[in-house]
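pasted the sequence and its predicted model underneath.
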Amino acid sequence: MSLVTLEKDITLSIAVSDRHKSALWYQEKLGFELVAHFDEAGWSELKTRTESVTLGLSEHLEPAKGTTVPVFGVKDISTARAALEAASVEFAGETEIIEGMVSTAMFYDLDGNMLMLAQDHTG
């Protein structure tokens, strides 16, 4: 049995230098559908052609090539984080909260690969 209960969808977060240009590229090249641009959060989401898989574009001044972060949805991020921390899972900083939108917590697997938990606050 797992320590946390994950939602049945996943978001793959990719760091990009211009979310709007990148969103167009993914639409034109791969047929993804724009869900929304969340400019206040520096985030855009696209629906991929794979059911329950979303692509999230995170805007950075100097994005590192080859970095994709799987984002796992949870109903209660505090409970999920506490369970993982109790099992010695290493987290990268505090849980970040964007009021009315999302709470996120970055953590690592055994090889140092970045993963993220996210609790949706949009209702």
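Nice, thanks for sending it over.

show me what contacts the residue nearest to A64 when sequence neighbours are not counted?
What sits nearest to A64 in space, not counting adjacent residues and going by CB to CB, 6 or more residues apart in numbering, is A15, at 6.3 Å. The C-beta positions use only the backbone N, C-alpha and C, and glycine is treated the same way. If a contact means CB atoms under 8 Å, 6 or more residues apart in numbering, then A15 has 58-60, 63-64, 67 as its contacts.

what's the answer for M106, then?
Residues in contact with M106 (CB under 8 Å, 6+ apart) are 69, 91-93, 114-116.

can we see that at 6 Å?
Listed by CB atoms under 6 Å, 6 or more residues apart in numbering, the contact partners of M106 are 92, 114, 116.

what does T11 give?
54, 56, 71.

which of the three states applies to the first one?
When classified by DSSP: H, G, I helix; E, B strand; the rest coil, T54 comes out as strand.

how about the last one?
Put simply, V71 is strand when judged by three-state DSSP.

what pLDDT does it get?
Note on V71: pLDDT of 97.

any idea how far it lies from A105?
Using CB to CB, to the nearest Å, V71 is found at 10 Å from A105.

same check on the first one?
Between T54 and A105 the computed distance is 18 Å (CB to CB).

these two: which is more packed in?
Between T54 and A105, counting by other CB atoms under 10 Å, A105 is the more crowded of the two (23 against 18).

OK, contacts around V16?
Taking CB under 6 Å, 6+ apart, we find V16 in contact with 22, 57, 63.

quick one, strands of this protein?
Counting by DSSP state E, one finds strands in the chain at the ranges 10-16, 33-38, 43-47, 53-59, 68-73, 96-98, 102-108, 114-120.

please look at Y26 and T48 and confirm they touch.
No: contact criterion CB atoms under 6 Å: Y26 and T48 do not qualify, at 8.4 Å.

common neighbours of those two, please.
Joint contacts of Y26 and T48 (CB under 6 Å, 6+ apart) are F32.
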